[in-house]
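Asks: give me a 3D structure for the following:
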Amino acid sequence: MSADTRLEELGVSGLGKGGLGEVDEAAFSGLAERHRRELHVHCYRMLGSFEDAEDTVQETFLRAWRRRETFEGRSTFRAWLYRIATNACLDLLAKRRPEPATGGEVLWLQPYPDRLLDELPAGDTDEPETVAVARETIELAYLVAVQHLAPRPRAVLILRDVLGWPAKEVAELLGDSVNSVNSALQRARAGMREHLPAERQDWTGGEQDAGTRDLVRRFTDASVATDIPRIAALLRDDVRCSMPPTPGLYVGRDAVVNDWVEDGFEGMKGLRAVPTSVNRQPAVAFYVWQEREGVYLPLTIDVLRITGGAITEIVTFHDDQFPRLGLPERLPADGTE
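Replies: Model (predicted):
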């Protein structure tokens, strides 16, 4: 991209030593807002938390405005924002992000609404491989694996393998050498292989086929009926279940079923369900009847990972996530929404 093209992107006729110092706040905000959603997804991959990503994007825009004089058009405005956002994430991770719990739990994990992912700008290509990579790097299993990496290798992995940045640009961003970046990338990839599901290479994601839709329907029906044996029949032997931010990771069908029984799920009455999708994965939002209000109110949402015709993972989120996911705040008694 030529310097002239970069300037046209900004709508600025020329840049001097003052960078964007001549651009007023409203114009600058308009330039930055064009990249809000993709920066938010980038920060979400780095942090695993929707709320932390929101805060970090706001911090990115604030830093960018304060440092606007430093932008001189040697890179695209978009790349400049990514540099600031990545460093803002690294600063946050250095200050307050804990390590994943024993067993691989990421208690700060939050879901990302598919409706917001749909706002991402289309890439330069619609090739199936590109779309698959984009979907694979937003699923919950990927997010969890990323959180096990140290912050700088995590940044290198996302910048190189997800965003496709050259090693030289990543090295400049991190103030490191190309050799160090390449070494960090190899360590990060090894870490991802260690923490990603073994069948990850068979991951299909994205649009659900007829078999997946039928499996989700059967899971939904059995769950509304609180029929644990029917649900258990849909689970793979080594299924994993978690409920961030509540501690507790259950691995294996027997452990999962025992937890449901102990929690009194079997025989629970008055459930309804709304199918949805989260992080490009099938999900089911559950509502429970509240006699006093005369409506069904949010309970939990189950995000499913399905492999080989069986449910291999259920990540359950609390009702506080419903508004963010665009789900109804209540369901009426007559079944209409």
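Asks: any idea how far apart the tips of stretch 243-261 sit?
Replies: The straight-line separation of the ends of stretch 243-261 (CA to CA, to the nearest Å) is 16 Å.
Asks: and it, average pLDDT?
Replies: Across stretch 243-261, pLDDT averages out at 95.
Asks: that stretch: which residues count as buried?
Replies: Neighbour-count burial for stretch 243-261, counted by 16 or more other CB atoms under 10 Å, picks out M243, P244, L249, Y250, R253, V256, V257, W260. Where C-beta positions appear, they are placed from N, C-alpha and C, glycine not excepted.
Asks: in strands, which of those appear?
Replies: M243, L249, Y250 (DSSP state E).
Asks: residue ranges for the helices of the protein, please.
Replies: 3-10, 25-33, 36-47, 50-66, 77-96, 114-117, 128-136, 140-147, 151-157, 167-174, 178-195, 210-224, 228-232, 253-262 (DSSP state H).
Asks: in a markdown table: those, plus distance to A283.
Replies: Shown next, in a markdown table, are those (distance: least, CB to CB, whole Å):
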| stretch | distance to A283 |
| --- | --- |
| helix 3-10 | 37 |
| helix 25-33 | 29 |
| helix 36-47 | 17 |
| helix 50-66 | 14 |
| helix 77-96 | 26 |
| helix 114-117 | 9 |
| helix 128-136 | 14 |
| helix 140-147 | 10 |
| helix 151-157 | 25 |
| helix 167-174 | 33 |
| helix 178-195 | 22 |
| helix 210-224 | 9 |
| helix 228-232 | 15 |
| helix 253-262 | 17 |
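Asks: pick out the shakiest of those helices, pLDDT-wise.
Replies: If you rank these by mean pLDDT, helix 3-10 sits at the bottom with a mean of 46.
Asks: quick one, the longest strand along the chain and helix 210-224 angle?
Replies: When the chain is parsed with DSSP E, its longest strand is strand 295-307. Calculated by axes from the mean of the first three to the mean of the last three CA atoms, to 10 degrees, strand 295-307 forms an angle of 140 degrees with helix 210-224.
Asks: tell me the strands beside strand 295-307, with direction?
Replies: Paired strands of strand 295-307, with direction, are strand 281-290 (antiparallel), strand 310-318 (antiparallel), strand 331-332 (antiparallel) (DSSP bridges).
Asks: next, format these as CSV and append distance to L120.
Replies: Formatted as CSV, the strands paired with strand 295-307 follow (distance: least, CB to CB, whole Å):
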stretch, distance to L120
strand 281-290, 17
strand 310-318, 22
strand 331-332, 30
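Asks: T212 and P282 touch, don't they?
Replies: Yes: using CB atoms under 8 Å, T212 makes contact with P282 at a distance of 6.5 Å.
Asks: neighbour-wise, which of those two wins?
Replies: Taking neighbours as other CB atoms under 10 Å, T212 and P282 compare with P282 leading, 22 against 16.
Asks: is the more buried one bridged to anything, and to what?
Replies: Beta bridges link P282 to S277 when assigned by DSSP bridges.
Asks: show me what contacts it?
Replies: Residues in contact with P282, defined by CB atoms under 8 Å, 6 or more residues apart in numbering, are Q208, T212, R213, V216, P275, V303, L304, I306.
Asks: how much space separates it from P197?
Replies: Distance, P282 to P197, using CB to CB, to the nearest Å: 16 Å.
Asks: okay, now K168: neighbour count?
Replies: Neighbours of K168 under the rule other CB under 10 Å: 11.
Asks: now it: closest residue in space, sequence neighbours ignored.
Replies: Distances taken as CB to CB, 6 or more residues apart in numbering place V178 nearest to K168, at 5.7 Å, with adjacent residues excluded.
Asks: right, and V303 touches L325 too?
Replies: No: the pair V303 / L325 is not scored as a contact, 10.0 Å apart, by CB under 8 Å.
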